[in-house]
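**Q** The following comprises the amino acid sequence and a computationally predicted model.
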Amino acid sequence: MPSDAKILIVDDHEDTLYALESALAPLGYRLGRATSGDEALKQVLRGQVGLLLLDVRMPGVSGLDVVRYMRRLEQTQHIPVILLTGFGADHELTSTAFGLGVADLVMKPIDPWALRTKVRYLFDAHRRHLALEHEVRELRALVKGHGENEENAARRPLPHPDPRVPVQRVQGAHTGELEQDRT
């Protein structure tokens, strides 16, 4: 996730967007806004979103439709999503939402303190996850770059951790004499 990644707040009501922005402002993260599912998908696909707060029921493309689309794409499938609903607890909605892998389903009106706690945890966890993925890619590239030396390294014994142990030469079964075998 780029360092300029933002939390995208998506709702078709301006007053709700304003309230959510006000609740999250103390965290100090970059915030973005969208008023429709289509607009949210465009921003998510640009790659600058690290967490999505998404209203479930919006005209046109619903919040659930946005999540379904995101989960089909490798580049967006791991972005955490908090779904927001003002229509109360609904078993079918809850089942569908968690089946799609949303991080949480929050009922409106929203407790700002609880929302900030959830957002901080999810956003930071996602950043750590992406940082680890980046590190793994770098390590794989290093290993691949040293792959041609693996054959030679496999035949060479590892040095003894104590440099005071004298070097002994041992006859190898297939490779002849091995160099620097410390026992």
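**A** Now that the structure is in, tell me what you want to look at. Residues are numbered from 1 along each chain as shown.

**Q** do you know how far F98 is from L51?
**A** Distance, F98 to L51, by C-beta to C-beta, to the nearest Å: 17 Å. Just so you know, the C-beta spots here come from the backbone N, C-alpha and C atoms, and that holds for glycine as well.

**Q** neighbours of L105, just the number please.
**A** For L105, the neighbour count with other C-beta atoms under 10 Å is 18.

**Q** For this structure, which residue occupies the most central location?
**A** Closest residue to the average C-alpha location of the chain: H126 at 3.7 Å, with C-alpha atoms, centre = their mean.

**Q** Could you verify my assumption that it touches V81?
**A** No - with contact defined as C-beta atoms under 8 Å, H126 does not reach V81; the gap is 10.6 Å.

**Q** Residues that sit against both of these two, list them.
**A** L51 (C-beta atoms under 8 Å, 6 or more residues apart in numbering).

**Q** Compare F98 and L51 (neighbour count), which wins?
**A** More crowded of F98 and L51, by other C-beta under 10 Å: L51, with 27 against 13.

**Q** Surely the more buried one is in a strand?
**A** Yes - secondary structure assignment places L51 in a strand (DSSP: H, G, I helix; E, B strand; the rest coil).

**Q** For it, give its distance to H78.
**A** Using C-beta to C-beta, L51 is found at 11 Å from H78.

**Q** Mutual contacts of those two, please.
**A** Residues within reach of L51 and of H78 at once, by C-beta under 8 Å, 6+ apart, are H126.

**Q** So what's the residue count around L31?
**A** Residues near L31, counting by other C-beta under 10 Å, number 16.

**Q** For the chain, which residues score under the pLDDT cut-off?
**A** 1-4, 146-162, 165-183 (pLDDT under 70).

**Q** Helices of that one, start to end?
**A** 14-24, 37-45, 63-72, 91-99, 112-145, 150-155 (DSSP state H).

**Q** tell me which residues of the fourth one are tucked away?
**A** So that's helix 91-99. Applying a neighbour-count criterion of 16 or more other C-beta atoms under 10 Å, one finds 93, 96-97 buried in helix 91-99.

**Q** Could you do the longest one as well?
**A** Applying a neighbour-count criterion of 16+ other C-beta under 10 Å, one finds 115, 118-119, 122-123, 126, 130 buried in helix 112-145.
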